[in-house]
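# predicted model, plus sequence, below.
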Amino acid sequence: MATTPKGVHHRHRDAAGIVREVEHECDARSLRLTPLRREVLVLIAKARKPVKAYDLLESLRDSHAGAAPPTVYRALDFLLANGFIHKLESINAFVFCQHPAEAHQVPFLICDVCEGATEVCDDGAIAHLIEQQANGFGFRAKEQTLEVHGVCKSCAAAA
């Protein structure tokens, strides 16, 4: 039986659990999780793969006829700024955070076949290594995004 490597998180948590954890964090930090922000979070949490802003907008239009791009981007900005979701820059899409109560930077493994994303929680080892290298060059990093593209185990087996 195959096992998941330590520190690797697939998108398997239930959406309700993710939303409850974010609601708890918002209460603890005195943040306002508006109904629209919550709805965007639910859409991201229910997605089986990273979701793009315009796909979120289309889904929102079912319940919010007047929804426009700024509506979605404001909600995404709030969720990103507070660490509740991650943005995958290389594919311009969003995924929920496995650990919304912790400030952290994580690498992602992105499958180019199924478009799935796997969050690799490594206790900051990779981020620390990059920061050390940057400091060695006298470079002060503000933000890190590490995304590794390839083919996941399921897609490789199906090929």
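Looks like it came in fine. Given the structure is predicted, the values throughout are model-derived calculations rather than measurements.
# hey, which helix or strand in this structure has the poorest pLDDT?
strand 8-9 (a mean of 45; mean pLDDT, DSSP states H and E).
# next helix or strand past that one?
As assigned by DSSP states H and E, the chain's next helix or strand after strand 8-9 is helix 15-29.
# quick one: average confidence on that following helix?
When pLDDT is averaged over helix 15-29, the result is 93.
# so residue 116 touches residue 49, yeah?
Yes: Residue 116 lies in contact with residue 49 (CB atoms under 8 Å); the separation is 5.2 Å. From N, CA and C alone the C-beta is placed, and that goes for glycine too.
# pick out whichever of those two has more residues nearby.
residue 116 (18 against 14; other CB atoms under 10 Å).
# ok, now which ones touch residue 147?
Residues in contact with residue 147 (CB atoms under 8 Å, 6 or more residues apart in numbering) are 88-91, 107-108, 110.
# so what's it bridging to?
Judged by DSSP bridges, the bridge partners of residue 147 are residue 108.
# distance of it from residue 53?
Distance check for residue 147 against residue 53: by CB to CB, to the nearest Å, it reads 17 Å.
# give the contact list for the nearest residue to residue 31 once chain neighbours are set aside.
Ranked by CB to CB, 6 or more residues apart in numbering and with sequence neighbours excluded, the top spatial neighbour of residue 31 is residue 82, at 6.1 Å. Residue 82 makes contacts with 25-26, 29, 31, 100, as judged by CB under 8 Å, 6+ apart.
# in the protein, where is pLDDT below threshold?
1-13 (pLDDT under 70).
# tally of neighbours for the closest residue to residue 105 other than its chain neighbours?
Take residue 105 and drop its neighbours on the chain: the residue closest to it by CB to CB, 6+ apart is residue 127, 4.4 Å away. For residue 127, the number of neighbouring residues by other CB under 10 Å comes to 17.
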